[in-house]
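> got a predicted structure here, sequence first:
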Amino acid sequence: QVQLVESGGGLVQPGGSLRLSCAASGFSLLDDVAIGWFRQAPGKEREEVSCLSSSGTRAYYADYAKGRFTISRDNAKNTVYLQMNGLKPDDTAIYYCATRPSCRSTSVGSWGQGTQVTVSS
């Protein structure tokens, strides 16, 4: 059974950093699957923040994430990370990870339960 568990969210001041984790089980990140990070702020639609290709060699970012966020993975831990630096109040949202057939596809497979990120002074 495919399962994704996010962690690492919390309350951080503007300009601070957080590292989100997405622990995968029921499949291997070495399988032909990409992983995307999404977020949903109150009253807004869910949007994709970043995606890591199935090979782990190509990363894609939303414009607002470029230069501030970094997606990576640890194959041994079967975990994908989202390092977020220079956080802004607009980054406040629930962050989710999800499986994707590829980063170029619009399809999404399994979702995690999400982790809350709050950026506030």
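Received it, and whenever you're ready, just let me know what you need. Residues are numbered from 1 along each chain as shown.
> shaky segments in the protein?
Scanning the chain for pLDDT under 70 picks out nothing.
> what are the buried residues along stretch 22-40?
Under the neighbour-count criterion of 16 or more other Cβ atoms under 10 Å, stretch 22-40 has 22, 23, 24, 27, 29, 33, 34, 35, 36, 37, 38, 39 buried. For every residue, glycine as well, the C-beta is placed using N, CA and C.
> ok, stretch 15-22 next?
Applying 16+ other Cβ under 10 Å to stretch 15-22 flags 18, 20, 21, 22 as buried.
> tell me which two in those are the farthest apart.
Farthest pair in the buried residues of stretch 15-22 (Cβ to Cβ) is 18 and 22. Separation: 13.2 Å.
> which one of the buried residues of stretch 15-22 sits closest to residue 82?
residue 20 (4.3 Å).
> what packs against the helix or strand hosting that closest one?
Element membership of residue 20, judged by DSSP states H and E, is strand 18-25. With contacts taken as 3 or more Cβ pairs under 8 Å, 6 or more residues apart in numbering; DSSP states H and E, strand 18-25 sits against strand 3-7, strand 34-40, strand 79-84, strand 93-100, strand 115-119.
> tell me the angle that strand makes with strand 3-7.
160 degrees (axes from the mean of the first three to the mean of the last three Cα atoms, to 10 degrees).
> how about the CA coordinates for strand 18-25, as PDB?
What follows is strand 18-25, C-alpha atoms only, in PDB (Å, rounded to 0.1, in the frame of the first residue of the first chain):
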ATOM      1  CA  LEU A  18      12.100  24.800   7.500                       C
ATOM      2  CA  ARG A  19      12.800  21.400   6.000                       C
ATOM      3  CA  LEU A  20       9.800  19.300   5.100                       C
ATOM      4  CA  SER A  21      10.100  15.600   4.800                       C
ATOM      5  CA  CYS A  22       8.000  13.200   2.800                       C
ATOM      6  CA  ALA A  23       8.600   9.600   3.900                       C
ATOM      7  CA  ALA A  24       7.400   7.100   1.300                       C
ATOM      8  CA  SER A  25       6.400   3.500   1.900                       C
END
